[in-house]
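K.L.:
coordinates only, sequence not included:
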């Protein structure tokens with residue numbers, strides 16, 4: 001089944017114009033729940049209520065307002081807001097070409113596939129191939145739905161993908177996040193690197209990471225539709241926190257997957273997994289106490 005376009009636009013750079021169709025690159029797979037009246041099972045409706053007049057306010061009796069101070073608003077009529085909106089030109093105007101890796105990933109918002117419109121397949125493929133050969137992407141502005149979006153056009157296979165980007169003022173500075181000043185020790189870094197190498201992979205396989213919550217909900221829905229009792233498996237309790245960082249790293253080594261079958265197991269006889277920290281502590285405590293008893297007995 002062919003994808004359904006959600007809009008159309010025209011890519012322009014220089015004197016070149018490429019009509020394209022816009023397709024969603026992602027889809028919602030979540031199960032949506034509706035709010036029902038528990039008494040009769042009827043879906044309830046949402047209404048707006050004025051807390052001052054204590055009455056329901058219909059949509060035609062509403063205006064939009066911007067709160068510039070607590071409880072104080074400057075209001076706008078629909079015509080005023082329409083005049084401020086971006087003209088609906090549906091254009092994608094390329095401003096410059098840059099290496100795609102120069103855009104920090106934090107700026108990426110939503111992806112969209114672009115496909116050629118009627119009689120635009122040749123220039124569409126031309127732009128895709130040229131971007132691929134130069135290793136660049138196109139920074140552009142997209143005017144749609146009364147808004148102006150910052151977007152990035154990049155090659156995707158033989159076609160094009162458009163990433164909607166955040167504007168600079170939408171990104172918080174990381175300096176606002178307190179991270180403290182404690183620095184890890186060199187041995188801790190070495191163990192962390194060893195742990196990363198142990199579970200490293202050269203490819204990303206999204207199919208290996210299904211939405212388990214979604215699967216549980218779907219299973220519960222099926223059980224209810226079949227008139228069965230919903231069976232919910234117990235969720236494993238979180239393990240106790242290991243405060244000692246070095247011990248936590250040591251306990252982690254050998255318990256994850258390892259590339260090429262090297263799961264951190266020692267060669268030769270007697271090779272075994274490293275016990276978890278609790279076991280290490282209990283063994284250490286067991287070994288320590290007999291020594292003290294032996295000394296007291298000798299005296």
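P.N.:
Looks like it came in fine. This is a predicted model, so every value here is computed, not measured.
K.L.:
Can you give me the neighbour number for the closest residue in space to residue 31 that isn't next to it in sequence?
P.N.:
Spatial nearest neighbour of residue 31, chain neighbours left out: residue 217 (5.3 Å); criterion: Cβ to Cβ, 6 or more residues apart in numbering. Where C-beta positions appear, they are placed from N, C-alpha and C, glycine not excepted. Number of residues near residue 217 (other Cβ atoms under 10 Å) recorded here: 14.
K.L.:
Report the secondary structure state of residue 217.
P.N.:
When classified by DSSP: H, G, I helix; E, B strand; the rest coil, residue 217 comes out as helix.
K.L.:
and it, how far is that from residue 123?
P.N.:
45 Å (Cβ to Cβ, to the nearest Å).
K.L.:
same question, residue 153
P.N.:
13 Å.
K.L.:
of those two, who's got more company?
P.N.:
Taking other Cβ under 10 Å, residue 153 and residue 123 do not tie; residue 153 has more neighbours (26 against 16).
K.L.:
which element is the more buried one on?
P.N.:
Following DSSP states H and E, one finds residue 153 within strand 147-156.
K.L.:
can you count the residues close to the spatially closest residue to residue 62 that is not a sequence neighbour?
P.N.:
Using Cβ to Cβ, 6+ apart and skipping the chain neighbours, the partner closest in space to residue 62 is residue 48 (7.1 Å). By the measure other Cβ under 10 Å, the count of residues near residue 48 is 10.
K.L.:
Can you give me the distance of residue 48 to residue 187?
P.N.:
Using Cβ to Cβ, one obtains 61 Å as the distance from residue 48 to residue 187.
K.L.:
likewise residue 181?
P.N.:
Distance from residue 181 to residue 187, by Cβ to Cβ: 19 Å.
K.L.:
More neighbours: the two, which one.
P.N.:
Shown here are residue 181 and residue 187; by other Cβ under 10 Å, residue 187 has more neighbours (11 against 5).
K.L.:
so how far does stretch 166-180 reach from one end to the other?
P.N.:
End-to-end span of stretch 166-180 (Cα to Cα, to the nearest Å): 28 Å.
K.L.:
contact partners of it?
P.N.:
By Cβ atoms under 8 Å, 6 or more residues apart in numbering, the residues outside stretch 166-180 that reach it are 106, 107, 108, 109, 150.
K.L.:
Show me those residues that map onto strands.
P.N.:
Members of the contacts of stretch 166-180 lying in strands (criterion: DSSP state E): 108, 109, 150.
K.L.:
Give me the mean pLDDT for stretch 119-128.
P.N.:
Throughout stretch 119-128, pLDDT has a mean value of 94.
K.L.:
Stretch 60-78 now?
P.N.:
92.
K.L.:
Please name the residues that touch the residue nearest to residue 13 when sequence neighbours are not counted.
P.N.:
Take residue 13 and drop its neighbours on the chain: the residue closest to it by Cβ to Cβ, 6+ apart is residue 94, 3.8 Å away. Neighbouring residues of residue 94 by Cβ under 8 Å, 6+ apart: 11, 12, 13, 138, 139, 140, 153.
K.L.:
What secondary structure category should be reported for the fourth one?
P.N.:
Here residue 138 takes the strand state, with states given by three-state DSSP.
K.L.:
Report the beta-bridge partners for it.
P.N.:
As for beta bridges, residue 138 partners with residue 97, residue 153 under DSSP bridges.
K.L.:
So for it, what's the pLDDT?
P.N.:
Reading off the model, residue 138 has pLDDT 97.
K.L.:
Counting neighbours, what do you get for it?
P.N.:
Residue 138: 24 neighbours (other Cβ under 10 Å).
K.L.:
do residue 198 as well
P.N.:
Neighbours of residue 198 using other Cβ under 10 Å come to 18.
K.L.:
ok, it touching residue 253?
P.N.:
Yes. At 6.6 Å, residue 198 counts as touching residue 253 under the criterion of Cβ atoms under 8 Å.
K.L.:
Where does the prediction get shaky in the stretch 1-150 of the chain?
P.N.:
1 (pLDDT under 70).
K.L.:
For the residue nearest to residue 31, give its distance to residue 61.
P.N.:
For residue 217, the distance to residue 61 (Cβ to Cβ) stands at 39 Å.
K.L.:
now stretch 225-232, how far from the chain's geometric center?
P.N.:
Put simply, stretch 225-232 sits 32 Å off its chain's centre (Cα atoms, centre = their mean, to the nearest Å).
K.L.:
Could you look up the SS state of the residue nearest to residue 25 when sequence neighbours are not counted?
P.N.:
Spatial nearest neighbour of residue 25, chain neighbours left out: residue 111 (4.0 Å); criterion: Cβ to Cβ, 6+ apart. Three-state call for residue 111 (three-state DSSP): strand.
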